[in-house]
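Engineer: A predicted structure for the sequence below; I have some questions about it.
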Amino acid sequence: MTDPHSASSIFPSFPRPFITISTRTALLRAHQHFTAHSFTIVSPLHAGASLGIEWWLHLTKEVEAPSILDCGASASLAIEALHKGIEGVVCRDFRAGLPENMKGRLFSQRPHETTIPTLIPSQR
């Protein structure tokens with residue numbers, strides 16, 4: 001079994017906890033919940049490849065937390081996401097050289113994350 005915290009140690013510049021979100025509502029709830037604490041927003045598995053960079057940028061706009069977009073195995077999508085200002089990306093199959101200003105922002109695995117439904121009860 002893999003230690004779930006080992007992946008988190010490769011994300012030194014990103015505040016913990018890592019919160020997986022897929023909707024603006026979940027993001028706003030996380031922001032309200034963590035008003036006094038820093039956290040990092042993480043996209044769902046392969047969301048960059050399936051939903052796109054523009055979806056992620058729209059979802060995370062005007063939120064003060066850094067974000068990590070999971071681009072699956074798409075190296076070109078990962079580089080595009082970094083160029084468009086997304087703080088971090090996950091790309092499982094990256095083999096190209098990375099410009100110096102992008103090092104520490106591209107990762108081969110996801111951080112250990114917490115999902116919003118387990119953290120914040122729904123408000124019905």
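Structural biologist: Perfect, I can see it now. Numbering: from 1, shown residues only.

Engineer: Tell me where this protein is predicted with low confidence.
Structural biologist: Confidence mapping of the chain against pLDDT under 70 gives the ranges 1-9, 95-98, 113-124.

Engineer: Quick test: name the residue nearest the centre of it.
Structural biologist: For the chain, the residue nearest the mean C-alpha position is Ile68 (2.1 Å; CA atoms, centre = their mean).

Engineer: from memory that residue sits against Thr40, does it?
Structural biologist: Yes - taking CB atoms under 8 Å as the definition, Ile68 is a contact partner of Thr40 at 6.3 Å. Any C-beta I mention is one placed from the backbone N, CA and C, and that applies to glycine too.

Engineer: what's the overlap in contacts for these two?
Structural biologist: Jointly contacting Ile68 and Thr40 under the rule CB atoms under 8 Å, 6 or more residues apart in numbering are Phe11, Phe14, Phe18, Gly88, Pro111.

Engineer: Format these as TSV; extra columns: secondary structure, neighbour count and distance to Asn101.
Structural biologist: What follows is these, written out as TSV (DSSP: H, G, I helix; E, B strand; the rest coil; neighbours: other CB atoms under 10 Å; distance: CB to CB, whole Å):
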residue	secondary structure	neighbour count	distance to Asn101
Phe11	coil	22	18
Phe14	coil	23	17
Phe18	strand	19	23
Gly88	strand	24	13
Pro111	coil	22	21
